[in-house]
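[1] Give me coordinates for this.
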Amino acid sequence: MRTIIYVWDLIRYNIPNFFKNLWMFRKVLYNYRWYAGHSAILPFLETALTDMSNKMYVYGHEEEVSRLKKIAKMRRAVEITQRFNQYNFIDLAELELGSLHEFDYSFKSSKDHPGCFEFVDNMGEVESAHNSKVYARSQEIEAEMWIELWEIIKGQDVSEYKKILDSKKKDPNSWNKWFDGSGLRGWWD
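    Okay, here's the model as predicted:
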């Protein structure tokens, strides 16, 4: 009897679910390369969290306040993974500090090597310093977002909430005030 149920579940649920997942992750699977580091793995996370947050928003049965907090954190994690997948931190730094100056260069005949040319950087010190600031800020933004992504996935320390419960102030809304929606382990419906 168990074998019949297993076969039925396989045919009715598991095989169709496999093909749905295959279709959903098709682009990510196609582009996956084992040697690509985080840029190989984060697209899977982006796709999964996008699907999960959309389905939780539409079909979720959880109480609305905490469900919406979870969805907001999932969508923030998606936004961050998109930044890493598109690697556009320089764009964010340019929004803060101004656009990068175009690289200005030319070639001139070499005095030391007749018939050869040498590279000449025509960019001024001010423009070069500005570009350096933009690049440095883009690296800071990348580091900040990396930390934020893993803080969202890690979630809050429940022992902090236990301290609130153990305190003498018993607030009926203490969970809603404390809980921010982060924590991958709690993102289920």
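
[2] Now N131. Nearest residue, chain neighbours left out?
    L100 (5.3 Å; CB to CB, 6 or more residues apart in numbering). C-betas here are computed from N, CA, C, even on glycine.

[3] Walk me through the domains of the chain.
    Annotated domains of the chain cover 1-31, 38-158+175-186 [automatic domain parsing].

[4] Contact partners for I141?
    89, 92-93 (CB atoms under 8 Å, 6 or more residues apart in numbering).

[5] That one is in what secondary structure piece?
    Assigned by DSSP states H and E, I141 belongs to helix 125-154.

[6] Identify each buried residue in that helix, please.
    130-131, 134, 137-138, 141-142, 145, 149, 152-153 (16 or more other CB atoms under 10 Å).

[7] Ok, stretch 99-108 next?
    Going by neighbour count (16+ other CB under 10 Å), the buried part of stretch 99-108 is L100.

[8] same check, this time on stretch 74-92
    74-78, 80-81, 83-85, 89-90, 92.

[9] Can you show me the helices along this protein?
    Secondary structure of the chain, counting by DSSP state H: helices at 2-9, 15-24, 26-31, 38-59, 64-86, 89-97, 125-154, 158-166, 174-178.

[10] Now mean pLDDT and distance to F119 too, for those helices, in TSV please.
    Output for the helices of the chain, formatted as TSV (pLDDT from 0 to 100; distance: least, CB to CB, whole Å):
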stretch	mean pLDDT	distance to F119
helix 2-9	83	67
helix 15-24	95	48
helix 26-31	94	35
helix 38-59	94	31
helix 64-86	95	31
helix 89-97	93	23
helix 125-154	94	15
helix 158-166	78	57
helix 174-178	82	59
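
[11] tell me the contacts of the spatially most central residue of the chain?
    With distances taken as CA atoms, centre = their mean, T81 lies nearest the centre of the chain, 1.8 Å away. Counting by CB under 8 Å, 6+ apart, T81 touches 42-43, 45-46, 49, 149.

[12] Distance of it relative to A48?
    Computed with CB to CB, to the nearest Å, the distance linking T81 and A48 is 10 Å.

[13] Next: G181.
    Going from G181 to A48 by CB to CB gives 17 Å.

[14] Who has more neighbours out of the two?
    Between G181 and A48, counted using other CB atoms under 10 Å, G181 has the larger neighbour count: 21 against 17.

[15] what sits against E142?
    With CB under 8 Å, 6+ apart, E142 has these contacts: 84, 89.

[16] could you measure it against S182, distance?
    For E142 relative to S182 (CB to CB), the value is 20 Å.

[17] Give me the local confidence score for K168.
    Turning to K168, the model gives it a pLDDT of 64.
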